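J.: Pasting a predicted model and its sequence here:
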Amino acid sequence: MSAVKKESPVELREIAADIANAARFVRKHAVASIYHAGSGHPGGALSSADLLAALFGAELNFWPDQVDDPHRDRFVLSKGHAAPALYAIGAHHGFCDAKAALRLRKLNSPFQGHPHVLDMPWVETSTGSLGQGFSVALGMAMGLKLHRSQARVYTMLGDGEMQEGEVWEAAMCAAHHQLDNLCVVVDYNKLQSDDRNDNIMRLEPLAAKWRAFDWAVAEIDGHDIDQILSGFRRASGTAGRPQILIAHTVKGKGVPYMENVPHWHGSVKLTRAQAEEALTALGASRSEIKELLDV
Amino acid sequence: MSNPALIGTSGDSLREAFGKALSGLADEFANVVVLDADIAGGTGAHHFRKSHPKRFLQFGIAEQNMMAAAGGLAATGFIPIVTTFAVFCLRAVEQARLSLAYARRNAKIVASHPGIDVGPDGGSAQALEDLAAFRAIPGMTVLSPADPIETALATRAMLEYDGPVYMRTGRSPAKRIFGDDHTFQIGKGHIVRDGSDLTIVACGVEVARAMEAAETLAEEHISARVVNMATIKPIDRELLARCATETGAIVTAEDHNIHGGLGGAVAEALAATVPCPIEFVGVRDVFGVSGEPEELAVMFGIGSAAIAQAARKALSRKAKL
């Protein structure tokens, strides 16, 4: 379903540049919305930005005028706490309004702390309790197979999320039913709420676990657009097995004081100075910072 | 046609009645799919597996994934029917909450093996908390039909209704209560036997026991009305208020913990409308044990004798008002 597959090398470079540009927008918008909210999870929003930008920019056959199309590709953000990044990429592609999305976590705003499908159908399902989005995506993949649809289902999991038993129930089930229309992306930033994965509950050997569950497994650099795109391309060409891209990422990517510091996983309050420092590091101009923070 | 001679006789278990009804409705409701966690022989879903194998989806012994996946199937236009034992539905309450109710999916959960009616499998398998848990989820409709005919009607009503539903069936052979002319509507209770001194409000297997209790009470010249409250949520507040006004005392009867189930729902409704003495028949906040259902009903105080005793107590409280 990907728009990328048929493109020439020159066009591919242009697509990669668009994706990098979208990822910059996602990071800046997510930081600004978390600043306005006074709470929210910046670390995982920043680590997932390139993956989301690539998915929405080149892989998903899904556009704002297609939200009800039964044959659209679906994306489920199973790690629902990265909602600010999802809202930002949605705004970038016209699924929602960018300025409205700055009212994150506010009363009477549809941009709740975690995505809710009744507030905005394009998020496909409500998430925020880890493990469930994956199962819902699996149910969608099953449903599409029953309909003989060619559409694909993508879902993003966090690394800490894989400590939920439900994830391995779904992993076994998807392989058993040969759901080759289902693709998982793991935002593997190695940090979770309280500490490093290794200090909370070890995930490694992660790729070996998924191979043992009979998934098509690829490991990629989750900040390298070319690797992400080729990973998705290989995945969508896989027959008979579900696919997983284990994307190695950096938590807080793009904001030096947040990178690899577990504190910035959790729901945090950003001061004006912290928000400005983050936006500056992400390449925002003075006027852009003012526009994002003084709404 | 109704056959009064059959009423009170032993019929199919409610799980078998559900399975047969679902299989029979499957062509009319062509978008129904049935989800199973390796227990179809026990839930009644085996009838559907046999009649419509392509729409029967096996999830293995993994109820959390099954429950949430139902949300995804509903999102692609199917009516998923999640089938397992009531106790394993409890294992996946949070999946039902987020991925079905919060997202307002048109998905149905049909739970067999509720209450001490489970019998020999013992305390671990006897779900006494499911009505309370599912009733507490916003937007979740909760049904507990009383006999095989009503179970078949409730199965159709559940498929015609657009929204998440939790329905209890039952393991043991059920007493027949209704004739073939019975009707069922979600949200409506109905009077199975009229009376004027008090009202027994029952659901599931307790309706037949309430009818026996009413017979016993009649011999003592106590006129007991029996209401079958097959919809626990939304509860029929109008009927409850009418019964409280007309009879002045209520007994609730359920194969469930006395906390949070039918009794709780009735008390909540009447406290806000027509307060009156209420006695609660149910398992008194303990776990069950192995035994035959009828032995357990006596042991745990949910048999017809316990209902009759609760009725006498409710009447004496009414007399003191």
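T.: Structure's in. What do you need?

J.: who does the longest helix belonging to chain B touch, helix- and strand-wise?
T.: In chain B, assigned by DSSP state H, the helix with the most residues is helix B:304-319. Helix B:304-319 sits against strand B:198-202, helix B:206-219, strand B:250-257, strand B:278-283, helix B:293-299, with contacts defined as 3 or more CB pairs under 8 Å, 6 or more residues apart in numbering or on different chains; DSSP states H and E. (C-beta placed from N, C-alpha, C; glycine too.)

J.: Try it again at 7 Å.
T.: Applying 3 or more CB pairs under 7 Å, 6 or more residues apart in numbering or on different chains; DSSP states H and E, we find helix B:304-319 packed against strand B:198-202, helix B:206-219, strand B:250-257, strand B:278-283.

J.: Make JSON lines out of these and add mean neighbour count, mean pLDDT and distance to A:Leu130.
T.: Shown next, in JSON lines, are the helices and strands packed on helix B:304-319 (neighbours: other CB atoms under 10 Å in any protein chain shown; pLDDT from 0 to 100; distance: least, CB to CB, whole Å):
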{"stretch": "strand B:198-202", "mean neighbour count": "31", "mean pLDDT": "98", "distance to A:Leu130": "40"}
{"stretch": "helix B:206-219", "mean neighbour count": "22", "mean pLDDT": "98", "distance to A:Leu130": "39"}
{"stretch": "strand B:250-257", "mean neighbour count": "30", "mean pLDDT": "98", "distance to A:Leu130": "30"}
{"stretch": "strand B:278-283", "mean neighbour count": "24", "mean pLDDT": "98", "distance to A:Leu130": "34"}
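
J.: any chance of these in TSV, plus distance to chain A?
T.: Below are the helices and strands packed on helix B:304-319 laid out as TSV (distance: least, CB to the nearest CB, whole Å):
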stretch	distance to chain A
strand B:198-202	34
helix B:206-219	34
strand B:250-257	25
strand B:278-283	30
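
J.: Take these and lay them out in a markdown table including distance to B:Ile307.
T.: As requested, the helices and strands packed on helix B:304-319 are exported to a markdown table (distance: least, CB to CB, whole Å):
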| stretch | distance to B:Ile307 |
| --- | --- |
| strand B:198-202 | 6 |
| helix B:206-219 | 4 |
| strand B:250-257 | 5 |
| strand B:278-283 | 5 |
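
J.: For A:His93, find the nearest of the ones you listed.
T.: strand B:250-257 (49.2 Å; CB to CB).

J.: rewinding a little: buried stuff in the longest helix of chain B?
T.: B:304, B:306-311, B:314-315, B:317-318 (16 or more other CB atoms under 10 Å in any protein chain shown).

J.: Stretch A:272-279 too?
T.: A:274-279.

J.: Any chance you could list what contacts that stretch?
T.: Contacts of stretch A:272-279 with the rest of the structure, by CB atoms under 7 Å, 6 or more residues apart in numbering or on different chains, involve A:28, A:31-32, A:35, A:255, A:257, A:289, A:292-293.

J.: so how far is B:Pro293 from the closest residue to B:Leu6 other than its chain neighbours?
T.: Among residues not flanking B:Leu6 along the chain, B:Arg176 sits closest, at 5.3 Å (CB to CB, 6 or more residues apart in numbering or on different chains). In this view, B:Arg176 and B:Pro293 are 16 Å apart by CB to CB, to the nearest Å.

J.: contacts for stretch A:209-227?
T.: A:16, A:19-20, A:50-51, A:54, A:171-172, A:175, A:187, A:207, A:228, A:231, A:234-235, A:238, A:241-250, A:253.

J.: Is A:Glu219 located within a strand, as I assumed?
T.: Yes. Assessed with DSSP: H, G, I helix; E, B strand; the rest coil, A:Glu219 lies in a strand.

J.: For it, give the beta-bridge partners.
T.: Beta-bridge partners for A:Glu219, by DSSP bridges, are A:Ile246.

J.: For it, the count of nearby residues, please.
T.: Using other CB atoms under 10 Å in any protein chain shown, A:Glu219 has 16 neighbouring residues.

J.: Ok, A:Thr271 next?
T.: Other residues close to A:Thr271 by other CB under 10 Å number 10.

J.: Residue ranges in the chain under the pLDDT threshold?
T.: As the question left the chain open, I've gone with chain A. A:1-6 (pLDDT under 70).

J.: nope, chain B please
T.: For chain B, the ranges with pLDDT under 70 are B:1-3.

J.: before we move on, what SS does the residue of it found nearest chain A have?
T.: Ranked by CB to the nearest CB, the top residue of chain B for proximity to chain A is B:Gly72, at 2.3 Å. Three-state assignment for B:Gly72 (three-state DSSP): helix.

J.: wait, it sits on A:Gly139?
T.: Yes. Contact criterion CB atoms under 7 Å: B:Gly72 and A:Gly139 qualify, at 2.3 Å.

J.: Residue 275: which element?
T.: Assuming you mean chain A. Taking DSSP states H and E as the definition, A:Ala275 sits inside helix A:272-281.

J.: ah, I was thinking of chain B
T.: Counting by DSSP H and E, B:Pro275 is part of no helix or strand.

J.: nearest spatial neighbour of it, skipping sequence neighbours?
T.: B:Pro275's closest residue in space is B:Ala244 (CB to CB, 6+ apart), at 7.8 Å.

J.: Pull out the buried positions in the helix or strand encompassing that neighbour.
T.: Per DSSP H and E, B:Ala244 falls inside helix B:237-247. Within helix B:237-247, the residues that count as buried by 16+ other CB under 10 Å are B:237, B:239-244, B:247.

J.: any idea how far that helix is from the chain center?
T.: Remark: helix B:237-247 is offset 21 Å from the chain centroid, using CA atoms, centre = their mean, to the nearest Å.

J.: CA atoms only for it, dumped as CSV, please.
T.: The C-alpha coordinates for helix B:237-247 follow below in CSV (Å, rounded to 0.1, in the frame of the first residue of the first chain):
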residue,chain,number,x,y,z
ARG,B,237,-36.7,1.7,37.8
GLU,B,238,-40.3,2.2,37.0
LEU,B,239,-41.3,-1.4,37.7
LEU,B,240,-39.3,-1.4,40.9
ALA,B,241,-40.9,1.8,42.1
ARG,B,242,-44.4,0.4,41.2
CYS,B,243,-43.7,-2.9,43.1
ALA,B,244,-42.4,-1.0,46.1
THR,B,245,-45.4,1.2,46.2
GLU,B,246,-47.9,-1.6,45.7
THR,B,247,-46.3,-4.3,47.9
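
J.: Now do it: which elements does it pack against?
T.: Counting by 3+ CB pairs under 7 Å, 6+ apart, helix B:237-247 packs on strand B:198-202, strand B:224-228, helix B:262-271.

J.: among the ones you listed, which is the most enclosed?
T.: strand B:198-202 (a mean of 31; mean count of other CB atoms under 10 Å in any protein chain shown).

J.: got the angle for it vs helix B:237-247?
T.: Taking axes from the mean of the first three to the mean of the last three CA atoms, to 10 degrees, one finds that strand B:198-202 is oriented at 150 degrees with respect to helix B:237-247.
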